[in-house]
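**Q** Below is the sequence, then the predicted model.
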Amino acid sequence: MANDCLFCKIAAGEIPSTKVYEDEHILAFRDINPVAPVHVLVIPKQHLDSIDDFRPEHDELLSKLFAAVHAVARETGVAETGYRVVTNVGRDAGQQVFHIHLHVLGGRTLGPVA
Ligand code: AMP
Ligand code: ZN
């Protein structure tokens, strides 16, 4: 676990979250400040700062992350209506939590990206 990382603490169960999906490597939970009726964060339990840290050795984890997005879309009912997957990297993207997370957004018509 990375020191003082909020999402590592959520992954470890030290800070509560509303879980939507969990397996050995991945956790998905409701965003505390949702911007859409469905707003779920999908994270690897392993700490990496952002998707910019992905390397070939993470291929399997990357695949599991997207398999979890697939499961979350079904669990939350947006698979049929559509959804958006967003991930912020660094300052200009406004990344606030430096532990990889994919935002899964849906449940309403979403505007243009950025
Ligand atoms: P980002 O700006 O991409 O780094 O997104 C961070 C997201 O984490 C924001 O949408 C926050 O609302 C969300 N967030 C922060 N703290 C928590 C928490 N304790 N539980 C769930 N979501 C959180
Ligand atoms: Zn972390």
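**A** Sure thing, it's come through. Ligands and ions are numbered 1, 2, ... in the order given.
**Q** ok, and the closest non-adjacent residue to H58?
**A** Ranked by C-beta to C-beta, 6 or more residues apart in numbering and with sequence neighbours excluded, the top spatial neighbour of H58 is L48, at 7.4 Å. Yep, even glycine has a C-beta here, placed from its N, CA and C like the rest.
**Q** quick one: secondary structure of that neighbour?
**A** Classification of L48 by DSSP: H, G, I helix; E, B strand; the rest coil places it in coil.
**Q** From R108, how far out is it?
**A** Here L48 is placed at a distance of 30 Å from R108 (C-beta to C-beta, to the nearest Å).
**Q** correct me, but the residue nearest to H58 touches F54?
**A** Yes - judged on C-beta atoms under 8 Å, L48 makes contact with F54 at a distance of 7.1 Å.
**Q** tell me the contacts of I15?
**A** Residues in contact with I15 (C-beta atoms under 8 Å, 6 or more residues apart in numbering) are 6, 9.
**Q** In terms of secondary structure, what does the lengthiest strand in the chain contact?
**A** The residue-count maximum for a strand in the chain (DSSP state E) belongs to strand 38-44. With contacts defined as 3 or more C-beta pairs under 8 Å, 6 or more residues apart in numbering; DSSP states H and E, strand 38-44 has these neighbours: helix 6-11, strand 26-30, helix 59-76, strand 102-106.
**Q** Kind regards, and thank you for your time.
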